[in-house]
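Asks: The following comprises the amino acid sequence and a computationally predicted model.
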2 protein chains.
Amino acid sequence: MALKELNPLLHSQLRLAVMSLLAGVKEADFSFLKEETNSTAGNLSVQLQKLKEADYIEIEKSFKNNYPQTTCKMTDKGLVAFNEYVENLKEYLSPKSKS
Amino acid sequence: MALKELNPLLHSQLRLAVMSLLAGVKEADFSFLKEETNSTAGNLSVQLQKLKEADYIEIEKSFKNNYPQTTCKMTDKGLVAFNEYVENLKEYLSPKSKS
DNA sequence: ATAATTTGGTTTATAAAATAAACTAGTTTA
DNA sequence: TAAACTAGTTTATTTTATAAACCAAATTAT
């Protein structure tokens, strides 16, 4: 069976990292994601919007200690897409030798 | 331990597919790679050049049945990079829950 | 024999994506 | 009250991926 397409929305280092983190914690705020992924705020902001547009994550805005706070959590749809991506990618990682 | 950087040269669907295929067969010609990856000739040509520039693959040109033939094989350096990429990527695929 | 088609590509142009830089809005500290 | 910091967003630039156009030669059809 041939190599499958990789969901381009997930085949991005930063977006994949975000999804991986969210899959683990189920909820995380902007600053946490920024630190864990070593990304710039601008880049993270853009990529979070893309994940939100695809309904892979939900973004909630609130205030914490007077400061704005952006909290993200993965949706069911996002989890399905993430798992599918992982399965597809695994085929790329363990090359099959043609005898 | 945090998420590692993913080698951007390998974090490309087509280049990764090529490397995965070459890791399995150790030698493949242009047409084979084109078919297996479902890529266009132009795209494949460009990506092969990039892999060659990085010394991840070797490209040999010859003639077979009067037609030009481009044969690719992975280098040791390419294999090292591929294996490292795979190890790094695995961390993204199996999310760790923070308790 | 020559015109059309096919093989096996490369080069160039365009579209999309990632990233960085600049900006906004407000808060805290000196 | 000015400077510096938090927490982002928006815009611009660079990079990447992809597609379209092209090239050279071989084969096939007329």
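Replies: Structure's in. What do you need?

Asks: tell me, what residue is most central in chain A?
Replies: Most central in chain A under CA atoms, centre = their mean is residue A:19, positioned 2.4 Å from the mean C-alpha point.

Asks: Setting the sequence-adjacent residues aside, check what's closest to that one.
Replies: Once flanking residues are discounted, residue A:19 sits nearest to residue A:82: 5.0 Å by CB to CB, 6 or more residues apart in numbering or on different chains. (C-beta placed from N, C-alpha, C; glycine too.)

Asks: re earlier: let me know the distance separating the residue nearest to the centre of chain A from residue B:10.
Replies: 19 Å (CB to CB, to the nearest Å).

Asks: Spell out which residues of chain A are next to DNA strand D.
Replies: With CB under 7 Å from any atom of the strand as the criterion, chain A comes near DNA strand D at residues A:8, A:29-31, A:41-42, A:44-46, A:48-49, A:61, A:64-65, A:67-70.

Asks: Spit out the contact partners of the residue nearest to the centre of chain A.
Replies: A:10, A:51, A:56-57, A:74, A:78, A:82 (CB atoms under 8 Å, 6 or more residues apart in numbering or on different chains).

Asks: Equivalent analysis for residue A:50, please.
Replies: Contacts here follow CB under 8 Å, 6+ apart; on that basis residue A:50 touches A:9, A:15.

Asks: go on, residue A:40?
Replies: Contact analysis of residue A:40 by CB under 8 Å, 6+ apart lists residue A:34.

Asks: any idea how far DNA strand C is from it?
Replies: In this view, residue A:40 and DNA strand C are 5 Å apart by CB to the nearest atom of the strand, to the nearest Å.

Asks: Equivalent analysis for residue A:25, please.
Replies: From residue A:25 across to DNA strand C, the span is 21 Å (CB to the nearest atom of the strand).

Asks: what does residue A:62 give?
Replies: For residue A:62, the distance to DNA strand C - CB to the nearest atom of the strand - is 13 Å.

Asks: Surely the residue nearest to residue A:19 is in contact with residue A:11?
Replies: No - with contact defined as CB atoms under 8 Å, residue A:82 does not reach residue A:11; the gap is 11.6 Å.
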